[in-house]
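A.B. asks: Next one to model:
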Amino acid sequence: MTNEVTIPLLPCPSIDDIVDFYSVLGFHTTYKQRKPNPAAGLQREDLNLQFFEIPRFDPAQSYGSCIVLTSDTGQLYRAFAAGMRAAYGKVLVSGTPRMTRPRARKNADGLSGFSVIDPGGNWIRIFQNTPASPTPAPTGRLGKAMANAVVQADSRGDARQAARILDSALAHPEPDDDPVALVEVLVYRAEVAMALNDPPTAAEMLARVERVALSADDATRAAAAYEAATDLTAALP
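C.D. replies: Next up is the predicted model:
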């Protein structure tokens with residue numbers, strides 16, 4: 001048989017909060033019911049998600065997750081980020097809900113991915129579905145540290161271990177460190193700090209970014225990191 005479709009069914013403490021959040025990301029409600037059991041269906045183009053409400057459900061204890069494959073993670077991220085900026089005035093980078101940025105995942109063959117953590121604590125993991133051109137394996141100690149930290153924080157949700165990896169790399173600078181890699185590590189450490197509800201460390205890392213001297217070519221290579229820094233600055237309290 002062909003044309004089968006699988007739709008995730010995920011838990012949440014409030015379908016109203018779920019509907020409100022996903023509407024910000026461009027989803028519309030395909031159905032919603034309160035009885036006999038509160039549930040909602042949401043759709044954005046070919047992306048379908050369904051949710052059921054559990055009284056007193058704790059999002060921090062959720063194991064809900066699903067994988068979404070798309071041809072362009074960057075385009076989908078930008079659409080979600082634009083919706084967040086319009087609704088909240090910033091991209092949500094801390095607390096629940098929040099969203100990570102697209103990054104190469106060494107535990108996914110170098111393919112780009114990002115995650116949306118919704119009000120139910122569910123991780124919607126978005127990956128590139130075109131494996132023809134995976135990102136080359138990182139080189140240099142900072143690049144390798146960054147790759148390991150991304151696995152911990154963005155894939156496993158262990159922001160504290162990611163912080164330890166990045167702090168260790170930043171504590172031992174070397175003369176041949178790539179300045180672009182340094183900017184990327186500092187920005188990611190700021191993002192991890194926000195996920196850990198540590199704005200002072202995030203602000204410190206972003207201030208250090210401003211002190212890294214880059215050539216014009218390096219600045220072009222670091223454009224995505226500077227864009228992330230702008231979002232993080234807007235999210236600082």
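A.B. asks: thought residue 119 was touching residue 58?
C.D. replies: No. Contact criterion C-beta atoms under 8 Å: residue 119 and residue 58 do not qualify, at 11.9 Å. (C-beta placed from N, C-alpha, C; glycine too.)
A.B. asks: if I look at those two, which residues touch both of them?
C.D. replies: Common contacts of residue 119 and residue 58 (C-beta atoms under 8 Å, 6 or more residues apart in numbering): residue 13.
A.B. asks: what about these two, which has more around it?
C.D. replies: More crowded of residue 119 and residue 58, by other C-beta atoms under 10 Å: residue 119, with 20 against 10.
A.B. asks: residue closest to the middle of the protein?
C.D. replies: Nearest to the geometric centre of the chain sits residue 100, at 1.2 Å (C-alpha atoms, centre = their mean).
A.B. asks: Now do the contacts for that residue.
C.D. replies: If you count contacts by C-beta under 8 Å, 6+ apart, residue 100 has them with 93, 114-115, 153-154, 191.
A.B. asks: Which ones among the residues you listed map onto helices?
C.D. replies: Judged by DSSP state H, helices contain the following of the contacts of residue 100: residue 191.
A.B. asks: returning to that earlier point: per-residue pLDDT, the residue nearest to the centre of the chain?
C.D. replies: The model reports residue 100 with a pLDDT of 95.
A.B. asks: Kindly report the same for residue 137.
C.D. replies: The model reports residue 137 with a pLDDT of 69.
A.B. asks: do the same with residue 109
C.D. replies: Note on residue 109: pLDDT of 71.
A.B. asks: Which secondary structure element of this structure has the lowest mean pLDDT?
C.D. replies: strand 103-105 (a mean of 85; mean pLDDT, DSSP states H and E).
A.B. asks: burial count for residue 148?
C.D. replies: Under the criterion other C-beta under 10 Å, the count of neighbours that residue 148 has is 18.
A.B. asks: Which helix or strand contains it?
C.D. replies: Element membership for residue 148, per DSSP states H and E: helix 140-150.
A.B. asks: same for that helix, what does it pack against?
C.D. replies: strand 103-105, helix 159-170, helix 179-195 (3 or more C-beta pairs under 8 Å, 6 or more residues apart in numbering; DSSP states H and E).
A.B. asks: Buried deepest among those, which one?
C.D. replies: Sort those by mean neighbour count, taking mean count of other C-beta atoms under 10 Å, and helix 179-195 sits at the top with a mean of 24.
A.B. asks: Done for today, thanks.
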